[in-house]
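Chemist: This is a predicted model, with the sequence first.
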Amino acid sequence: MIVCNACRKSYDEKDLLWRCSCGAPLSLDKLFSMNRHIIDNKQNGLWRYSASLPIEDASSAVKIGEQLTPLVKRCWNGADVYFKYEILPTGSYKDRGVAIMLNRLRELGVKSVIEDSSGNAGASIAGYCAAADMPCEVVVPESTSRGKCVQIEAYGATLTKIPGPRIAASRYTEERGSDMSNKYENIYASHNWSPYFAHGVKTWAFEIWEQLTLASSGEVVPDAVVVPAGQGSLVLGAWYAFNDLMRGDAIKKIPRIYAVQGSSCSPLYNAWTQGLDNVPDVAPPEGKCVAEGIVSTHIIRGAELLRSIRDSGGAVLAIDDEKTVKALLELAKMGLYVEPTSAVAVAALSELYSSKSLLPGECVVVLLSSTGLKTTPYIQEILDGRSGI
């Protein structure tokens, strides 16, 4: 069953609804648990954790080579920090959520899908659909980087570009996805609305728990995790995962979750600083944003995000483009080549340490959400001094 986050109305998963009749998002009406005894050691990567995933038969799932991603230790401004480097088949962490979302939709009988994306999720869905021989259409803002568009088209997906801000692509796709005349065709596979996506994303936190534990003499959980946040699936994934581990008696505490946005578009940060319980919409930013992958003016699961961050003892930050670019280039000199959206979380580290939110000696993990190969032309502009930053 799936249940509405607002009115608590429940639905059968087979109804293939992407939101409640009241307009609110839906979530799984089921709690999972995780510990080392239920890990499938015959599998690598996210499929090791299938006992805690909303999939009926992981053995028949479409896979494209999902592997455990590296946890790299580096010294950042005098403090040792772990970077979770999400080098996955299509180049970003979105493969985790898409692997579970798309395979669950296949189990429910879905034959073709439509999705809106700022780039990485669309590329991931296009890749998995190609492997599944499933037709798909990906709707992107006209401003989406050329590299991501090329990747989507190369997989064979239909690419539709919508003029205007990111929200325009969402509105167009939501309208298309509301047509349920053919129940199993052109289903709106929205990674932001999906009740399955964040459960796939949570596997990044399972991995860091397992990687840190293997490197020590006992069960280890970070003191804090720092993630970029647009719609917030990395935040929810971490919250779900660490609660699953608590229910499985694998850990004794929930890490503090720090969500980081770009200051040019920061609705979650605005709501946080005002002490709100939900996230009001903001106007689309003017001009290009360095961290384009987290530009979201309408946050779908805002109430759940704010509640999760507060309950973890974490916070929300907003970082300007100049600091993000500086962090991007410093990371590259450490051998970590990421897209600017990843660097926004790293740029927040200096502020978190200077404010004593993070302390030297604490175990801190920062998620690097995507390879820099996605945005090499823009990074070239930065190196050439042509980016306007």
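Modeler: Received the coordinates, thanks.
Chemist: switch to C-alpha atoms for all contacts and neighbour counts from now on
Modeler: OK.
Chemist: Specify the local secondary structure of Leu336.
Modeler: What DSSP: H, G, I helix; E, B strand; the rest coil gives for Leu336 is coil.
Chemist: residues in contact with the spatially closest residue to it that is not a sequence neighbour?
Modeler: Spatial nearest neighbour of Leu336, chain neighbours left out: Tyr85 (7.9 Å); criterion: C-alpha to C-alpha, 6 or more residues apart in numbering. Contact analysis of Tyr85 by C-alpha atoms under 8 Å, 6 or more residues apart in numbering lists Thr69, Pro70, Leu71, Val72, Leu336, Leu367, Leu368, Ser369, Ser370.
Chemist: Throw together a ChimeraX command that grabs the buried residues out of those.
Modeler: Restricted to buried positions by 16 or more other C-alpha atoms under 10 Å, the ChimeraX selection for the contacts of Tyr85 reads:
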select :69,71,336,367,368,369,370
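Chemist: from the chain's centre, how far out does the helix or strand of the chain with the lowest mean pLDDT sit?
Modeler: When the helices and strands of the chain are scored by mean pLDDT, DSSP states H and E, helix 166-177 comes last with a mean of 87. From the chain centre to the centre of helix 166-177 is a distance of 19 Å (C-alpha atoms, centre = their mean, to the nearest Å).
Chemist: Same question for stretch 97-107.
Modeler: That offset, for stretch 97-107, works out to 15 Å (C-alpha atoms, centre = their mean).
Chemist: didn't Pro135 look like it was pressed against Val110?
Modeler: No - under the contact definition of C-alpha atoms under 8 Å, Pro135 does not touch Val110, with a separation of 10.4 Å.
Chemist: Who has more neighbours out of those two?
Modeler: Neighbour tally, Pro135 and Val110, criterion other C-alpha atoms under 10 Å: the higher count belongs to Val110, 20 against 17.
Chemist: Could I get the contacting residues of that one?
Modeler: Val110 touches Lys183, Tyr184, Glu185, Ile187, counting by C-alpha under 8 Å, 6+ apart.
Chemist: how about these in CSV, adding secondary structure and distance to Trp18?
Modeler: Shown next, in CSV, are these (DSSP: H, G, I helix; E, B strand; the rest coil; distance: C-alpha to C-alpha, whole Å):
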residue, secondary structure, distance to Trp18
Lys183, coil, 12
Tyr184, coil, 13
Glu185, coil, 14
Ile187, strand, 9
